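Participant: Next input, structure requested:
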Amino acid sequence: MKKIIKTTNAPAPIGPYSQAVQAGNFLFVSGQVAINPENGELNMANIEEETHQVMRNLKAVLLEAGLDFENVVKSTIFLTDMGTFAQVNEIYGKYFTSDFPARETVQVSVLPKNVNVEISVIAIVS
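Facilitator: Purely as a prediction, here's the structure:
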């Protein structure tokens, strides 16, 4: 059985997918980019602010499901430039402070809306 998670506190999907899907004891959160849900505009002033917006969007989806970053067991970071890894990692680390999830970070040639970073997570539902 699956349950669709939807919140107005994170950007609406830009395609045929859900913000998150709960399946059993797992929550699969779709990749988030730096769209500000309040105005629909990209927040790309710099890589740090872009990453903060991505993390705020992830947090909003997790909260809608009654979870937070402590429930995350796996994350995937997509970057268009691995040269921004240190800055993204520093911001990411402000949201995950202990019992870190498993993770991979990969460089890709392009991301939706030409953003620089996209992050998806899998969380455990207790």
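Participant: tally of neighbours for residue 92?
Facilitator: Neighbour count for residue 92, taken as other CB atoms under 10 Å: 22. From N, CA and C alone the C-beta is placed, and that goes for glycine too.
Participant: Start at 346, not 1
Facilitator: In the new count, where the first residue is 346, that last one comes out as residue 437.
Participant: So it sits against residue 400, correct?
Facilitator: Yes - Residue 437 lies in contact with residue 400 (CB atoms under 8 Å); the separation is 6.9 Å.
Participant: Need the residues touching each of the two.
Facilitator: residue 464 (CB atoms under 8 Å, 6 or more residues apart in numbering).
Participant: Give me the buried stretch members for the longest helix anywhere in the chain, please.
Facilitator: Longest helix in the chain by number of residues (criterion: DSSP state H): helix 392-409. Of all the residues in helix 392-409, those buried under the rule 16 or more other CB atoms under 10 Å are 392, 395-407, 409.
Participant: and if you look at stretch 380-395?
Facilitator: 380, 382, 387-389, 392, 395.
Participant: residues contacting residue 386?
Facilitator: So residue 386 contacts residue 380 (CB under 8 Å, 6+ apart).
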